[in-house]
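A.B. asks: Pasting the sequence and the predicted model now:
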Amino acid sequence: MADLDFYKKDMEKIQTQLLKKIEKVLGGLTVLDDAGLATAFKQINFVDELNALGFPALLAKVKGSYDKNAIKSFDLLKATQRTRQVATAVQAVEILSILDLTTISAGVTRYANELKTAMFRGLLTGQSAASIMEGLTETYGVGRALSSKQQVALLNDSFARFTRTTTAKLFEDVPEQKFEYIGPDDEVTRDVCAETLALQGEGLTADEIESITPVSFADGGGFNCRHEWIPV
Amino acid sequence: MKAKDIANFTKTNYGQLASHARGLIVKDMNKGVMQNGIFKYKSKEYAAKKATGALGKFRKSDRVTMLLSGETARRIRPEGKSDRATLVFENGTIVQANEDKGYVIADLSGKNRDSSALFLQKIVDRNVKKYESKPITIKIGK
């Protein structure tokens, strides 16, 4: 199983369709003069195109609704007594989830704008349609930019940070709560993570994590970290 | 806080319990322990390939961990409802397929159930402390 396999596949499909559309449009754009190109530059919006090609649906998938039918739930405990509703932490977690999706959206907007700029730069410098397409495919095609390994790793890291932040948020009103640092200790483990795994003892509070250890609660040992803090 | 609220759990309390239980499951996965026991990989070739990191960033190879990219573990979402704690396994297809093979993570082992019960007790203890910390004024006479 690859990391977020669906994201890479769906994004590649969207990229392919977008580049096909651009290839069709390029033929008409190459015959325009500079004034015509300036008008076209204002009219063309690849963000709209990406939306039309299903980017919002992909975002929904990323949010987790893609697998609704296959989701498996497990009730830990049911209480029969009346409960007092304090949902602050739960609401904050929802907001964090939205912020993460906003980051992904921002990346797509940047991609669309860069793609447009590269295309018009080619047109204005008199490159042929074939040459422009070659350049665009090389830099923005399948396996590049939004569907690159780096992008998938970024997305994965974003989810990992989200998981860690969710835990921190749930326990922010319980300063005495202790946490244990879990994850692999192998040849690729960062020194800071190995050090933290060794020094944590019976667990550390959120304050102790930030002051004593070389890692942090939300980021773990850094980008693409495999470790997380769990409440004990 | 009133005395009757000591054993009343909030959504956040249930969220904390769910987070604790998720942590126990993920910790076990990292140690190669499923909620229904420990299993060795049937294929030595697979275990050897996994140890190289070619199959994902988790390399532990002697036991079934259900950890390759870590996505299945990361997508166990703890939820606090008004009357219960829930774990949502968003990578449900993979979790179910593994369960069909006999590798269960969508449950709690006896040890982890005990740990969850203790965790809930800690919440009650915190509530007791909150209740006790409030001064009670007793009026004597007029």
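C.D. replies: Ah, there it is. Since we're looking at a predicted model, the values are computed, not measured.

A.B. asks: how about the helices in chain A?
C.D. replies: A:5-29, A:34-43, A:46-52, A:55-63, A:88-124, A:129-140, A:149-170, A:191-199, A:206-212 (DSSP state H).

A.B. asks: would you turn the ones you listed into JSON lines with mean neighbour count and mean pLDDT?
C.D. replies: Any C-beta I mention is one placed from the backbone N, CA and C, and that applies to glycine too. As requested, these are exported to JSON lines (neighbours: other C-beta atoms under 10 Å in any protein chain shown; pLDDT from 0 to 100):
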{"stretch": "helix A:5-29", "mean neighbour count": "17", "mean pLDDT": "87"}
{"stretch": "helix A:34-43", "mean neighbour count": "11", "mean pLDDT": "90"}
{"stretch": "helix A:46-52", "mean neighbour count": "17", "mean pLDDT": "89"}
{"stretch": "helix A:55-63", "mean neighbour count": "16", "mean pLDDT": "76"}
{"stretch": "helix A:88-124", "mean neighbour count": "15", "mean pLDDT": "73"}
{"stretch": "helix A:129-140", "mean neighbour count": "16", "mean pLDDT": "91"}
{"stretch": "helix A:149-170", "mean neighbour count": "19", "mean pLDDT": "80"}
{"stretch": "helix A:191-199", "mean neighbour count": "16", "mean pLDDT": "95"}
{"stretch": "helix A:206-212", "mean neighbour count": "14", "mean pLDDT": "94"}
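
A.B. asks: Of all the ones you listed, which one is nearest residue A:177?
C.D. replies: Taking C-beta to C-beta, helix A:206-212 is the member of these nearest to residue A:177, at 7.2 Å.

A.B. asks: before we move on, the earlier item: can you lay out the helices of chain A as TSV showing distance to residue B:27?
C.D. replies: Formatted as TSV, the helices of chain A follow (distance: least, C-beta to C-beta, whole Å):
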stretch	distance to residue B:27
helix A:5-29	26
helix A:34-43	55
helix A:46-52	40
helix A:55-63	26
helix A:88-124	21
helix A:129-140	42
helix A:149-170	13
helix A:191-199	12
helix A:206-212	17
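
A.B. asks: These: which one's closest to residue B:49?
C.D. replies: Taking these one by one with C-beta to C-beta, helix A:5-29 is closest: 18.1 Å.

A.B. asks: The closest one near chain B at all?
C.D. replies: No: Helix A:5-29 does not reach chain B (C-beta under 8 Å from any C-beta of the partner chain); its nearest approach is 8.9 Å.

A.B. asks: starting at the chain centroid, how far to that helix?
C.D. replies: Distance of helix A:5-29 from the chain centroid (C-alpha atoms, centre = their mean, to the nearest Å) equals 20 Å.

A.B. asks: which strands and helices sit next to that helix?
C.D. replies: Packing partners of helix A:5-29 (3 or more C-beta pairs under 8 Å, 6 or more residues apart in numbering or on different chains; DSSP states H and E): helix A:46-52, helix A:55-63, helix A:88-124, helix A:129-140, helix A:149-170.

A.B. asks: what would those look like in a markdown table with distance to residue B:108?
C.D. replies: Formatted as a markdown table, the helices and strands packed on helix A:5-29 follow (distance: least, C-beta to C-beta, whole Å):
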| stretch | distance to residue B:108 |
| --- | --- |
| helix A:46-52 | 43 |
| helix A:55-63 | 27 |
| helix A:88-124 | 22 |
| helix A:129-140 | 47 |
| helix A:149-170 | 18 |
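
A.B. asks: Nearest to residue A:40 among these would be which one?
C.D. replies: helix A:88-124 (8.0 Å).

A.B. asks: Can you check what pLDDT the model gives the closest residue to chain B within chain A?
C.D. replies: Going by C-beta to the nearest C-beta, chain B is nearest to residue A:230 of chain A, at 2.7 Å. In this prediction, residue A:230 carries a pLDDT score of 94.

A.B. asks: Was I right to think it contacts residue B:25?
C.D. replies: No: contact criterion C-beta atoms under 8 Å: residue A:230 and residue B:25 do not qualify, at 9.5 Å.

A.B. asks: neighbour count winner among the two?
C.D. replies: In this view residue A:230 and residue B:25 are compared by other C-beta atoms under 10 Å in any protein chain shown, and residue B:25 has more residues nearby, 26 against 23.

A.B. asks: just so I have it, where are all the helices in chain B?
C.D. replies: Assigned by DSSP H, chain B shows helices spanning B:11-31, B:44-52, B:71-74, B:92-100, B:110-133.

A.B. asks: Which one of those lies nearest to chain A?
C.D. replies: Comparing the helices of chain B by C-beta to the nearest C-beta, helix B:11-31 comes nearest, at 2.7 Å.

A.B. asks: pLDDT averaged over the closest one - what is it?
C.D. replies: 93.

A.B. asks: Measure how that helix sits relative to helix A:149-170, angle-wise.
C.D. replies: Computed by axes from the mean of the first three to the mean of the last three C-alpha atoms, to 10 degrees, the angle separating helix B:11-31 from helix A:149-170 equals 130 degrees.
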